[in-house]
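S.K.: No sequence on hand, only this structure:
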């Protein structure tokens, strides 16, 4: 089960980061902005600042947000793959 959990961690993290980045690249301009605009807007409203989208704090915020998405995807992927591994191991057990 450990092996299944680790494989699920990697698969979930890669999938979560891929989806987050593809949403930004493919849909960012059509929906009104990407991750950098959203983080800059939130930081400007929260701290009453005037940070541009290419500021280092905004980029660090984007990296943090995408990291959280990747970590959540990794956890969900690990749990799901452990459940699948347990299910398939129950199906292949021989009765005595």
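M.R.: Ah, there it is. As the structure is a computational prediction, the values presented were derived from the model and not from experiment. Numbering: from 1, shown residues only.

S.K.: Quick check: buried residues in the longest helix along the chain?
M.R.: Of all the segments assigned as helix in the chain under DSSP state H, the longest by residue count is helix 56-91. Applying a neighbour-count criterion of 16 or more other C-beta atoms under 10 Å, one finds 58, 61-62, 66, 69-70, 73-78, 81-82, 85 buried in helix 56-91. No exception for glycine: its C-beta is placed from N, CA and C like everyone else's.

S.K.: from memory residue 69 sits against residue 16, does it?
M.R.: Yes. A contact is recorded between residue 69 and residue 16 when judged using C-beta atoms under 8 Å, the distance being 5.0 Å.

S.K.: Please name every helix or strand in contact with the longest helix of the chain.
M.R.: Applying 3 or more C-beta pairs under 8 Å, 6 or more residues apart in numbering; DSSP states H and E, one finds that helix 56-91 makes contact with helix 2-27, helix 35-47.

S.K.: Using JSON lines, please lay out the ones you listed together with mean neighbour count and distance to residue 54.
M.R.: Converted to JSON lines, these look like this (neighbours: other C-beta atoms under 10 Å; distance: least, C-beta to C-beta, whole Å):
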{"stretch": "helix 2-27", "mean neighbour count": "15", "distance to residue 54": "15"}
{"stretch": "helix 35-47", "mean neighbour count": "16", "distance to residue 54": "7"}
